[in-house]
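*Asks:* Fold the following and give me the result.
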Amino acid sequence: MYVDNYENELREYVLDEDIPGANDFLMKKLGHIVVSNKTDFIDLLNENGIEADESMPSKQLIELFSDNTNDKDLLIGASLLVEMGNKKIGFDGEQHVNDENVKTGVAVMDSFFNEAIPDEKYSYIAPFLIGAISKGAKKLIQKKRKSDRGAKRRGKSTRSSSDRLRQIAEFKMKQEALYRQKLAFEAAKVKAEKDKRKRKTRNTIIIASSLSVAVVVGILLYKRKNG
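*Replies:* Prediction:
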């Protein structure tokens with residue numbers, strides 16, 4: 001699992017009607033997956049008609065995802081991929097995917113990227129969560145509209161607030177991927193140092209054993225010669 005309380009953390013953002021915070025949380029999860037389960041992330045892109053392969057660096061894969069977040073099927077797959085890494089073990093001893101978590105993730109990302117407001121299509125989500133997401137989505141849309149009007153009056157930006165938010169989400173994914181790559185590099189470095197110490201210790205033992213054998217043989221030969 002990536003975190004033990006994934007469901008609780010996501011719900012906390014949602015109940016606070018904080019769509020940007022909830023989306024950042026999901027983007028970090030996806031950024032982690034790009035590094036820890038790169039093949040799965042590539043499969044997600046390919047299954048949604050986006051060409052990607054193992055030779056591509058994490059940065060490029062993230063950009064491909066970010067460029068296609070208007071695709072609802074891609075968001076569904078992304079939310080499912082996050083949930084797959086946080087499955088819970090049921091009473092039967094099997095791991096289960098929580099459909100409500102998947103739909104909550106989709107609703108959050110769709111609201112953030114595409115200004116969608118969840119409706120009856122998200123019937124698997126508890127009503128109190130749908131209400132919170134809807135309110136959060138409406139607040140975000142209003143904030144974006146206000147930001148766009150302000151930027152237009154000041155003549156300071158040619159990009160929409162939606163484009164800026166998309167770039168922020170992309171940055172969150174890249175930041176998390178870079179962090180996970182650094183952790184993996186440090187872990188590999190520590191492992192290599194431990195392996196090196198083990199080899200050195202083993203070689204020392206072998207040399208010491210060889211010397212001991214040589215000394216014993218030498219003593220026996222000396223006694224035989226001078227006995």
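*Asks:* Over to Y179. Which of the three states is it?
*Replies:* Look at Y179: counting by DSSP: H, G, I helix; E, B strand; the rest coil, its state is helix.
*Asks:* From N37, how far out is the nearest residue to it once chain neighbours are set aside?
*Replies:* Nearest residue to Y179, sequence neighbours excluded (C-beta to C-beta, 6 or more residues apart in numbering): G31, at 8.0 Å. All C-beta spots, glycine's among them, are computed from the backbone N, C-alpha and C. Distance of G31 to N37, given as C-beta to C-beta, to the nearest Å: 11 Å.
*Asks:* neighbour-wise, which of the two wins?
*Replies:* For G31 and N37, the more surrounded residue by other C-beta atoms under 10 Å is G31, and the numbers stand at 27 against 15.
*Asks:* name the element that one belongs to?
*Replies:* According to DSSP states H and E, G31 maps onto helix 19-36.
*Asks:* What separation do you get for the spatially most central residue of the chain and Q181?
*Replies:* Central residue of the chain (C-alpha atoms, centre = their mean): H32, 2.1 Å from the mean position. Distance from H32 to Q181, counting by C-beta to C-beta: 10 Å.
*Asks:* Then D99?
*Replies:* 32 Å.
*Asks:* pLDDT below threshold where in this structure?
*Replies:* The model of the chain has pLDDT under 70 over residues 1-4, 87-95, 120-121, 123-124, 155-159, 208-224, 226-227.
*Asks:* Doesn't F65 belong to a helix?
*Replies:* Yes - the assignment for F65 (three-state DSSP) places it in a helix.
*Asks:* Wait, it touches M173, no?
*Replies:* Yes - with contact defined as C-beta atoms under 8 Å, F65 counts as touching M173 (7.3 Å).
*Asks:* any residues in contact with both of the two?
*Replies:* L30 (C-beta atoms under 8 Å, 6 or more residues apart in numbering).
*Asks:* Run through the strands of the protein in chain order.
*Replies:* Remark: strands assigned in the chain by DSSP state E are 88-89, 95-96.
*Asks:* gap between stretch 22-36 and the chain center?
*Replies:* 3 Å (C-alpha atoms, centre = their mean, to the nearest Å).
*Asks:* wait, I meant stretch 100-120
*Replies:* Centre-to-centre, stretch 100-120 and its host chain are 19 Å apart (C-alpha atoms, centre = their mean).
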